[in-house]
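> how would this look folded up:
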Amino acid sequence: MKLAARIGSFLPVLIGTAMRALGAEPGTPFAAPMLQAAPSAGGGLLRVTLALLVVLAAVLMAAWLTRRMRGFGNGRALADLQVLAQMPLGTRERAVLLRVGECQLLIGVTPTNVRTLHVLPSPAVPAPNTEGSTPTGAAADLKPTFKSLLLKSLGK
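Numbering: from 1, shown residues only. All right, here's what the predicted structure looks like:
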């Protein structure tokens, strides 16, 4: 019994020391430490929103850079291809006259495909003059117009 009496007198001292180490007041009864509150839903929502905005900004910046960098490629390839004229044929269809080098192409463009309608070996539409003069006379009257080429390629 002496041992039980000794342990019984030593136990309150041991509990008091443990409570002081845990930061509890010496007069308060021993209790389990308080659980921390769960993170609020507003904080998590704010983090997700900020992450979404950062990703969206990165996508928009990449699209802008792609559009800006497209012109820095081979400049000669862009000079060889010119759109000379366009004519709408319907709500979503159009005919486009292109100059590729010395050859001209009449193409049909639809939402689902692009098809060559006619290939013109000699230019139907003259290249823009650097002097600013327009061709006149019989030579200008012999050159077909875009409308006549389109009607001819469509078989009308």
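> So, low pLDDT: which residues of this protein?
Within the chain, the stretches with pLDDT under 70 are 1-8, 10-11, 14, 16, 18-39, 41, 71-79, 122-142.
> ok, now with 50
Within the chain, the stretches falling below the threshold (pLDDT under 50) are 130-135, 137-140.
> For it, give the helix that spans the most residues.
Secondary structure assigned by DSSP state H gives helix 41-69 as the longest helix of the chain.
> could you pull out the helices for the chain?
Applying DSSP H to the chain gives helices spanning 2-21, 41-69, 75-80, 138-142, 146-153.
> do you know how far residue 93 is from residue 109?
For residue 93, the distance to residue 109 (CB to CB, to the nearest Å) stands at 7 Å. Heads up, the C-betas are built off the backbone N, CA and C, glycines and all.
> More neighbours: these two, which one.
Legend: neighbour count by other CB atoms under 10 Å for residue 93 and residue 109, higher for residue 109 (15 against 12).
> so that one makes contact with residue 90?
No: contact criterion CB atoms under 8 Å: residue 109 and residue 90 do not qualify, at 10.8 Å.
> Quantify the burial of the closest residue to residue 81 other than its chain neighbours by counting its neighbouring residues.
Excluding the flanking residues, the one nearest residue 81 by CB to CB, 6 or more residues apart in numbering is residue 100, at 5.7 Å. Neighbour count of residue 100, defined by other CB under 10 Å: 11.
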